[in-house]
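# Task: produce atomic coordinates for the following.
(chains A and B)
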2 protein chains.
Amino acid sequence: MEPRIALDAMSGDHGPAVIVPAALHVLSTNDDIRLVLVGDQNILNEMVGKQPDHIKRRLFIHHTTQVVAMDELPSSALRNKKDSSMRVAINLVKQREVDACVSAGNTGALMATARYVLKTLPGIDRPAIITALPTIKENHNTHVLDLGANIDTTSEQLFQFAIMGSVLTKAVDNISNPRIGLLNIGQEEIKGNENIKEAGRLLANSNINYIGFVEGDDIYKGIADVVVCDGFVGNVALKTTEGVAKMISHYLKQEFNKNILTRFAGLIALPVLNSLRHKIDPRRYNGASLLGLRGIVIKSHGSADILSFSQAIREAIIEVKKNVPTRISDQLATLLGEKRRDG
Amino acid sequence: MEPRIALDAMSGDHGPAVIVPAALHVLSTNDDIRLVLVGDQNILNEMVGKQPDHIKRRLFIHHTTQVVAMDELPSSALRNKKDSSMRVAINLVKQREVDACVSAGNTGALMATARYVLKTLPGIDRPAIITALPTIKENHNTHVLDLGANIDTTSEQLFQFAIMGSVLTKAVDNISNPRIGLLNIGQEEIKGNENIKEAGRLLANSNINYIGFVEGDDIYKGIADVVVCDGFVGNVALKTTEGVAKMISHYLKQEFNKNILTRFAGLIALPVLNSLRHKIDPRRYNGASLLGLRGIVIKSHGSADILSFSQAIREAIIEVKKNVPTRISDQLATLLGEKRRDG
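I've put the predicted structure just below:
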């Protein structure tokens, strides 16, 4: 079966101007998928324009009349935007018209709507946001969750995040037994709060490949495949990463632009700098999953460009092909079965 | 009066091998200070060796017999290491033999000992760890606290951190009215927990220059002079920063070492890369303050080298000259007075 993906075509900082070209790009490089653009058909039809047959027959437009604003409150989106591109894209997942949806819309509204429409998997209290980050190890990513869907998480929720992260990483990165670390701070005696300690105990007694506490810098060392944390902490870690990377890149540019000599050096070093840029390009890591739902929902960065949004669509394709939600359910059922036998 | 600083000469990853040369370096570049090396006099005397008179008369050795191990539990250090270089250096602050102390020893033990010996200032529940971080703005730092001394902080404690951070930044960076941001995450409806919201209300009603919530990436944007957060979150942000910076520097080196052409490019670009390295060199930012104590205690990174430890000593000198603890007390007294009038 060809994976079918719905795209919330009206959301994000750039809306259809980025999402339509990204859809066309992904269709032209993936023969075996179908995409549904959800949004205003007048705008979308015009943007799609004339396309060759092999693209056209796999691209559909689903008309909707509303858009969720980037700063709209989740509660308002839920109440007042029942015909929004975001809501309808998620409805299509619920109705099994598509296998997944991708949105660059506002995270709070997307999470609330997805949770309301799709519901969580049995055994999961709350969905979590997960993404891959690059590490110092060649061809290795660390998946980090939760990135901001939940604050004040309980030990049981952290444990559920670990299971979901393990299943996703196994499926997406083909790692047979992903190493799971719990994000903590370094001081022995006050190490973590009770929730984290208890989550550590739950993980140590499970069939998860739990490697213990890790610290913020370990995210980038490649010593864990999944790092589990509260959403507040994960969000700060992610945003801090963005801030540091931008600052370094700013100073790099500034230093190379200082005078004619440094500009010459910059010219010589350009291929190397481009190669570095490619390696840590955040666009290559776009596409966070909302894990724990009865369906696949991928969140793209709001400011995503074409390359970046295409990557988010690709993430959706992989999760569909690997059947991530069913795998999470199965793993949970196994673990809950184990628990029942143990108790 | 010449500032007198005690150095815990036996702690840190390198102990006296780094701390003695750093002390000599700082003495040779600062005419108006005195340093006390606290530790084993046999080792220290030998390491100091022959020195010119203008150095010798400002360098003192205070003999102690014990050392707090880098992985020693704070409770064990408190109980069993009463003649440790760390404890005695702090005792000298308490006894007003010196104006400040600097230690590269283990953070937990240093914090516990400093708190036990010196006590907190009136109106301060718990001390906090603060350090300066570089930003995208030329010649601007953001001070961030708490970096790991406190977890599960209350709104009142966050408020106290803001006051302490404001006073320190005013004193150290000569900023007349530092802009204070509260670290939070970006989603409107679940924005922060109750503690953070309440801390925001307390700050909005104070004479602090409170600019509202900021996110992780804002630390490096230079839009706030002080960023206030819980110690768990601050520690993760700091460690994440270290991890990202190391990863980027690793890939930069790797890319320039790929082949003979890139190595040539690296050679040409070397002055530029060195200038960048200097700009964001973490050693230039070494020296975190333990704020809120009745005395000045500076924590150096455990792995500090000579340049780096010298910077921590310089931080101590500035805080002594600016009389930071007294300023914090005064500011607190003013604010508490205001509150009483308001209530």
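# All the helices of the stretch 101-250 of chain A, in order from the start?
With helices called from DSSP state H, counting those that start in this stretch, the stretch 101-250 of chain A shows them at A:107-118, A:155-173, A:194-204, A:231-256.
# nearest to chain B, of these?
helix A:231-256 (2.9 Å; Cβ to the nearest Cβ). Where you see a C-beta, it was placed from the backbone N, CA and C, and this is true even at glycine.
# In this structure residue A:332 contacts residue A:121, no?
Yes: under the criterion of Cβ atoms under 8 Å, residue A:332 makes contact with residue A:121 at 6.8 Å.
# and the closest residue to residue A:280 other than its chain neighbours, what does it touch?
Excluding the flanking residues, the one nearest residue A:280 by Cβ to Cβ, 6 or more residues apart in numbering or on different chains is residue A:134, at 5.6 Å. Neighbour list for residue A:134: A:141, A:220, A:279-280, A:285, B:247 [criterion: Cβ atoms under 8 Å, 6 or more residues apart in numbering or on different chains].
# make it 7 Å
Counting by Cβ atoms under 7 Å, 6 or more residues apart in numbering or on different chains, residue A:134 makes contact with A:141, A:279-280, A:285, B:247.
# how about the helices of the stretch 101-250 of chain A in a markdown table, adding mean pLDDT?
Output for the helices of the stretch 101-250 of chain A, formatted as a markdown table (pLDDT from 0 to 100):
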| stretch | mean pLDDT |
| --- | --- |
| helix A:107-118 | 94 |
| helix A:155-173 | 93 |
| helix A:194-204 | 92 |
| helix A:231-256 | 90 |
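# Pipe the ones you listed into JSON lines and attach distance to chain B and mean neighbour count per row.
Output for the helices of the stretch 101-250 of chain A, formatted as JSON lines (distance: least, Cβ to the nearest Cβ, whole Å; neighbours: other Cβ atoms under 10 Å in any protein chain shown):
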{"stretch": "helix A:107-118", "distance to chain B": "4", "mean neighbour count": "24"}
{"stretch": "helix A:155-173", "distance to chain B": "14", "mean neighbour count": "24"}
{"stretch": "helix A:194-204", "distance to chain B": "9", "mean neighbour count": "18"}
{"stretch": "helix A:231-256", "distance to chain B": "3", "mean neighbour count": "22"}
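# Any idea which of these gets closest to residue B:81?
Closest approach to residue B:81 among those is made by helix A:194-204 (26.2 Å; Cβ to Cβ).
# name the helices or strands packed onto that closest one?
Packing partners of helix A:194-204 (3 or more Cβ pairs under 7 Å, 6 or more residues apart in numbering or on different chains; DSSP states H and E): helix A:155-173, strand A:180-183, strand A:210-214.
# Please work out the angle formed by the directions of that helix and helix A:231-256.
Angle, helix A:194-204 to helix A:231-256, by axes from the mean of the first three to the mean of the last three Cα atoms, to 10 degrees: 100 degrees.
# Helix A:194-204 relative to helix A:155-173, how many degrees between them?
50 degrees.
# Let's see helix A:194-204 as CSV, backbone CA atoms only.
Taking Å, rounded to 0.1, in the frame of the first residue of the first chain, the C-alpha atoms of helix A:194-204 are listed here in CSV:
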residue,chain,number,x,y,z
GLU,A,194,11.8,12.2,43.1
ASN,A,195,10.0,11.8,39.7
ILE,A,196,13.3,11.3,37.9
LYS,A,197,14.7,8.9,40.4
GLU,A,198,11.5,6.8,40.4
ALA,A,199,11.4,6.8,36.6
GLY,A,200,15.0,5.5,36.7
ARG,A,201,13.8,2.7,38.9
LEU,A,202,10.9,1.8,36.6
LEU,A,203,13.2,1.8,33.6
ALA,A,204,15.9,-0.3,35.4
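# Which residues does that helix contact?
Counting by Cβ under 7 Å, 6+ apart, A:153-155, A:158-159, A:162, A:180, A:182, A:184, A:210, A:213 sit against helix A:194-204.
# beta partners for the one residue sitting closest to the centre of chain A?
Centre of chain A computed as the mean C-alpha position; nearest residue by Cα atoms, centre = their mean is residue A:288, 0.5 Å away. Residues in a beta bridge with residue A:288, per DSSP bridges, are residue A:299.
# ok, now which ones touch it?
Listed by Cβ under 7 Å, 6+ apart, the contact set of residue A:288 reads A:129-131, A:147, A:299.
# Check what pLDDT residue A:266 gets.
On pLDDT, residue A:266 comes in at 81.
# so what does the helix or strand where it lies touch, helix or strand wise?
Residue A:266 is part of helix A:260-279 when elements are defined by DSSP states H and E. Helix A:260-279 is packed against helix A:231-256, helix B:231-256, helix B:260-279, with contacts defined by 3+ Cβ pairs under 7 Å, 6+ apart.
# What lies in contact with the shortest one?
Looking back up the chat, that one is helix B:260-279. Looking at what lies outside helix B:260-279 - Cβ under 7 Å, 6+ apart - the contacts are A:251-252, A:255-256, A:262, A:265, A:268-269, A:272, B:134, B:255-257.
# Tabulate the residues you listed (a markdown table), appending distance to residue B:199.
Converted to a markdown table, the contacts of helix B:260-279 look like this (distance: Cβ to Cβ, whole Å):
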| residue | distance to residue B:199 |
| --- | --- |
| A:251 | 32 |
| A:252 | 36 |
| A:255 | 38 |
| A:256 | 41 |
| A:262 | 44 |
| A:265 | 47 |
| A:268 | 50 |
| A:269 | 46 |
| A:272 | 45 |
| B:134 | 26 |
| B:255 | 43 |
| B:256 | 45 |
| B:257 | 47 |
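# Looking at those residues, which is nearest residue B:234?
For these, the nearest to residue B:234 is residue B:134 (16.2 Å; Cβ to Cβ).
# Which pLDDT does the model give that closest one?
As predicted, residue B:134 sits at a pLDDT of 91.
# Is it bridged to anything, and to what?
residue B:141.
# Repeat that for residue A:101.
For residue A:101, the beta-bridge partners under DSSP bridges are residue A:6, residue A:297.
# residues touching it, list them.
Counted by Cβ under 7 Å, 6+ apart, residue A:101 has contacts A:5-6, A:8, A:89-90, A:92-93, A:297.
# Need the three-state assignment for residue A:20.
helix (DSSP: H, G, I helix; E, B strand; the rest coil).
# Give the closest residue to it in space, chain neighbours not counted.
Residue A:20's closest residue in space is residue A:47 (Cβ to Cβ, 6+ apart), at 4.2 Å.
# list the helices and strands the one helix or strand the one you found maps to packs on?
Per DSSP H and E: residue A:47 is located in helix A:41-48. Helix A:41-48 sits against helix A:16-29, strand A:59-63, with contacts defined as 3+ Cβ pairs under 7 Å, 6+ apart.
# need the ones you listed in JSON lines with mean neighbour count and distance to residue B:61, can you?
Below are the helices and strands packed on helix A:41-48 laid out as JSON lines (neighbours: other Cβ atoms under 10 Å in any protein chain shown; distance: least, Cβ to Cβ, whole Å):
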{"stretch": "helix A:16-29", "mean neighbour count": "21", "distance to residue B:61": "66"}
{"stretch": "strand A:59-63", "mean neighbour count": "18", "distance to residue B:61": "79"}
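# sorry, back to before: ranking the contacts of residue A:101 by neighbours, who comes first?
Among the contacts of residue A:101, residue A:89 has the most neighbours (other Cβ atoms under 10 Å in any protein chain shown), with 34 neighbours.
# pretty sure it is in a helix, no?
Yes: looking at residue A:89 with three-state DSSP, it is inside a helix.
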